[in-house]
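Visitor: Could you work out the structure for the sequence below:
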Amino acid sequence: MPKKTEKSPFAAVAPPARTRLSDAIIDQIETLVLDGSLKPGHQLPAEREFAERLGVSRPSLREALLKLEARGIVTVRRGGGYAVADVTAPTLTDPLVHLLQRHPPAAFDILELRSGLETIAAYFAAQRATEADREEIARRYAVLAEADKGRCDELKGADADLEFHMSIADASHNVALMHVMHGLMNLIRTSTLRFRQRILSQHDGSKAILNDQHQAIYQAIIEGNPDAARDAAHLHLGFIEATMREIERDSGSKAFPAGVPAVRHAKPSRQTGASD
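Guide: Sure, this is the predicted structure:
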């Protein structure tokens, strides 16, 4: 029977002693989703090929896929076939995002929450990132570094920032943490734009400091140093909060004014990273 290879995460399914074969198939697919081997949008093989890879009958596979669809783990693709659903899709609704936008003090609440989540994410990402995760983080970091060269489109920079941090959350392989981070995605996207607008407009060297902090987080994760990754993420979020409080104090106005136009909430391009 076919064996698991580097190109395919699937392995032959042995007939279980006391459970249905379809349940054993479900267990394998769910495990691959949980450990990140199968990511949102991943297209599953055609039924015949899939059954051959697993070493099972097509009826048993079909039953398993129908059960997984009912559980929301896979979705039916247009034109036939199945794809992995985004089990970490955003859960915070836009009305809540707009409500928080209209209450400026909540911006610092968001930063405090992110500090806790992202330091944990960076720590575990440095411990658990696969080669594919590191490649994705490196790609997202390169996009962010490029976006921050010279004067860039504010929305593009905020999106690049968000995607970098979200890729780190995904690399933590903690499904609960990933779910929370993706649920906060629209909220983080909005606050990120605000932070970047205010901090980068100071022209006091803060941009270079933020760039260095992103690089430190990136390098620590790539080098597999959990403590350094956690400390770098903590410093990064702490610097943003301290800087924003200083801007608010010096200007005598709210760093996060109410009534500012809402940014558009683009859907994640994949499973998707937090930000400034």
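Visitor: all helices of the stretch 51-200 of the chain, in order?
Guide: For the stretch 51-200 of the chain, the helices defined by DSSP state H, counting those that start in this stretch cover 58-70, 94-101, 106-128, 131-147, 154-171, 175-183, 185-200.
Visitor: Check which residues of the first one are buried.
Guide: The neighbour-count check on helix 58-70 (16 or more other CB atoms under 10 Å) flags 60-61, 63-65, 67-68 as buried. No exception for glycine: its C-beta is placed from N, CA and C like everyone else's.
Visitor: Could you give the average pLDDT over stretch 30-43?
Guide: Averaging pLDDT along stretch 30-43 yields 82.
Visitor: Could you list the buried residues of that stretch?
Guide: Neighbour counts over stretch 30-43 (16+ other CB under 10 Å) mark 32-33, 36-40, 42 as buried.
Visitor: can I get those in TSV with distance to E163 and secondary structure?
Guide: Rendered in TSV, the data for these read as follows (distance: CB to CB, whole Å; DSSP: H, G, I helix; E, B strand; the rest coil):
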residue	distance to E163	secondary structure
L32	23	helix
V33	21	helix
G36	17	coil
S37	21	coil
L38	20	coil
K39	14	coil
P40	14	coil
H42	18	coil
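Visitor: wait, which of those is closest to N174?
Guide: N174 lies nearest to G36 out of the buried residues of stretch 30-43, by CB to CB, at 10.0 Å.
Visitor: For the nearest residue to the closest one once chain neighbours are set aside, grab the count of nearby residues.
Guide: Of all residues not flanking G36 in the chain, H173 sits nearest, at 5.2 Å (CB to CB, 6 or more residues apart in numbering). Neighbour count for H173, taken as other CB atoms under 10 Å: 19.
Visitor: Repeat that for E112.
Guide: Applying other CB under 10 Å, we find 11 residues neighbouring E112.
Visitor: returning to that earlier point: using a markdown table, lay out the buried residues of helix 58-70 together with distance to A138.
Guide: Below are the buried residues of helix 58-70 laid out as a markdown table (distance: CB to CB, whole Å):
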| residue | distance to A138 |
| --- | --- |
| S60 | 40 |
| L61 | 36 |
| E63 | 40 |
| A64 | 35 |
| L65 | 34 |
| K67 | 37 |
| L68 | 32 |
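Visitor: how about low-confidence regions in the stretch 1-150 of the chain?
Guide: 1-7, 14-18, 87-106, 150 (pLDDT under 70).
Visitor: Let's see that with 90 instead.
Guide: Low-confidence segments of the stretch 1-150 of the chain (pLDDT under 90): 1-21, 23, 27, 30-42, 71-73, 77-81, 85-114, 146-150.
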